[in-house]
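[1] sequence? don't have it. structure:
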């Protein structure tokens, strides 16, 4: 931990470190989360307002699939504060000059999915990067109406302060379309809400990008 702290300090980042006593951190944790690293990560996140939990995963590659580690996966499914997951290199080398060039925001027309938008606007404005809105529709459905809807949505986001917004309508299976977009724009990150909408249920679209995307994934509640 000291080595990690020194690396961050050298980059000009303020750092504090804590080794936790299992009984010292106030907060609420779901009853089905046992005493474990997952338990303490969730408690610390809940005890500090406006906290973003950032986790590196050492998930292995399995036939092209990014299989995230068990601790990260458990935190992902139990936490109710913002979470950023970044895939780590198997063999650390020199510090990476990370670049974020856009935000990919999947939308399915539900109010739940659109809860991500204020967060996306804030990040877009702060980093001066575009928001890429993506909606996935059945292969036999015309995309003209949906594209117009996304364009109008993007105009509203720009009016709220976003740097810019770019609509994209894709056909087929939602989660795979998200992954294809991350392959097209590797310096993007995916921002989404974790709960089910009417079209993309949490067991398919919200979980699959976590397992397959090589780009960072941020989830907001």
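    Here it is on my side, so go on. What you see is a predicted model; the values in this text were computed from it and never measured.

[2] okay, now the domains of the protein?
    Domain assignment for the chain by automatic domain parsing gives 2-87, 102-219.

[3] which SS class is the residue nearest to residue 168 when sequence neighbours are not counted?
    Nearest non-adjacent residue to residue 168, counting by C-beta to C-beta, 6 or more residues apart in numbering: residue 134, 4.7 Å away. (Glycine included, C-beta is placed from N, CA and C.) Assigned by DSSP: H, G, I helix; E, B strand; the rest coil, the conformation of residue 134 is strand.

[4] check the gap between residue 134 and residue 172 for me.
    According to C-beta to C-beta, to the nearest Å, residue 134 stands 12 Å off from residue 172.

[5] let me see the ranges of the helices in the protein.
    Secondary structure of the chain (DSSP state H): helices located at 2-10, 37-47, 70-78, 111-114, 117-127, 144-159, 174-184, 208-212.

[6] how about CSV for these, with mean pLDDT and distance to residue 99 added?
    Formatted as CSV, the helices of the chain follow (pLDDT from 0 to 100; distance: least, C-beta to C-beta, whole Å):
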stretch, mean pLDDT, distance to residue 99
helix 2-10, 79, 18
helix 37-47, 83, 27
helix 70-78, 76, 23
helix 111-114, 87, 26
helix 117-127, 94, 10
helix 144-159, 94, 22
helix 174-184, 83, 14
helix 208-212, 51, 20
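
[7] ok so, going back, count the residues that sit near the residue nearest to residue 168.
    21 (other C-beta atoms under 10 Å).

[8] who does it bridge with?
    residue 106, residue 168 (DSSP bridges).

[9] can you give me the pLDDT of residue 166?
    pLDDT, residue 166: 97.

[10] how many neighbours does it have?
    So residue 166, with other C-beta under 10 Å, has 15 neighbours.

[11] that one and residue 155, how far apart?
    Residue 166 is 12 Å from residue 155, by C-beta to C-beta.

[12] quick one on the thing from earlier: could the helices of the chain be laid out in CSV, adding distance to residue 192 and mean neighbour count?
    Formatted as CSV, the helices of the chain follow (distance: least, C-beta to C-beta, whole Å; neighbours: other C-beta atoms under 10 Å):
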stretch, distance to residue 192, mean neighbour count
helix 2-10, 27, 10
helix 37-47, 18, 19
helix 70-78, 12, 17
helix 111-114, 7, 16
helix 117-127, 9, 18
helix 144-159, 15, 15
helix 174-184, 8, 19
helix 208-212, 8, 20
